[in-house]
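Colleague: How does the following fold in three dimensions:
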Amino acid sequence: MTVDGPLLLIDTATTRAVIALGTTDGRLIEERTWLAGYRHGEELLARIEALLRDRAIAPAALGGLVVGTGPGAFTGLRVGIATAKGLAHALRLPIAGVVTGSALLAAAGVGAAGPVVLLQPAGSSDRVVSRPGERPVILPGGTDPELRPGERLAAVDLAGRAPDDAVALGDVAHDGLATAMLAAGAARLAAGDADDLARLVPEYVTLPRGVRSAPGDDAVELSGGGA
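Modeller: So this is what the prediction gives:
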């Protein structure tokens, strides 16, 4: 499917929701973020509608969608991906899922001295560690990530639970998230590498109490393990 029209980006993997419009070659047109906490569903559609209205872009004029797949918490990711899938289905648009953690790592790595390790919350005490090219793993509460020589830590959504310099680098990563995600998603769509809606699934770092993923469910929960 040929991508002809601006791309809409949706990411709800962190407590700061991100929506953006980009060109077919992945350049950022406009980005909007807000502190959603864990209430992404209360504002997401209204904010998307406002962005399109302010830019005088009809939904039918969109060329494709890019959506963050995590890692992230259950509620936010489920809302964001369900919304993106619904729009893609209704408007018959191609969609590309982009790993939010990979985009954050790419954004944090711009200008950084040495490789970056991403740290995100996984519930009230555990954290999830992501490295470029490696599967994210859960770090149990009370243990710190073991950094390899030259690595720098970027912590997202962990103010007070990670060193200040890591939180600052995490802020830098989030500031560049939309740009990194649009570049990755646009490249996939331009190459005809769109996702099948049925196979596009989030990576949850935690599931709510009493909720279990099951065969065929649209969820991948990360397993525990050392960094």
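
Colleague: Show residues contacting stretch 36-43.
Modeller: Residues from elsewhere that reach stretch 36-43 (CB atoms under 8 Å, 6 or more residues apart in numbering): 12, 15-17, 34, 44, 73, 75-76, 79-80. Quick note: C-beta positions are derived from backbone N, CA and C, even for glycine.

Colleague: Paired strands for the helix or strand containing Thr33, with orientation please.
Modeller: Here Thr33, judged by DSSP states H and E, is contained in strand 28-35. Using DSSP bridges, the strands paired with strand 28-35 are strand 16-22 (antiparallel).

Colleague: I'd like the next helix or strand past the longest helix that the chain contains.
Modeller: As assigned by DSSP state H, the longest helix anywhere in the chain is helix 74-91. Following helix 74-91 in sequence order, the next helix or strand is strand 95-98 (DSSP H and E).

Colleague: Lowest average confidence across helices and strands of the chain, where is it?
Modeller: When each helix and strand of the chain is scored by mean pLDDT, DSSP states H and E, strand 220-221 comes last, with a mean of 46.

Colleague: confidence score at the residue in the chain sticking out farthest from the centre?
Modeller: Most distant residue from the mean C-alpha position of the chain: Pro149, 27.2 Å away (CA atoms, centre = their mean). Pro149 carries a pLDDT value of 94.

Colleague: Next one: it relative to Pro6, how far apart?
Modeller: 43 Å (CB to CB, to the nearest Å).

Colleague: Show me how the protein divides into domains.
Modeller: 7-101+177-221, 111-173 (automatic domain parsing).

Colleague: right, so those: which one is the most enclosed?
Modeller: domain 7-101+177-221 (a mean of 19; mean count of other CB atoms under 10 Å).

Colleague: what kind of secondary structure is Ala108 in?
Modeller: Secondary structure, DSSP: H, G, I helix; E, B strand; the rest coil: Ala108 is helix.

Colleague: No further queries at this time; thank you.
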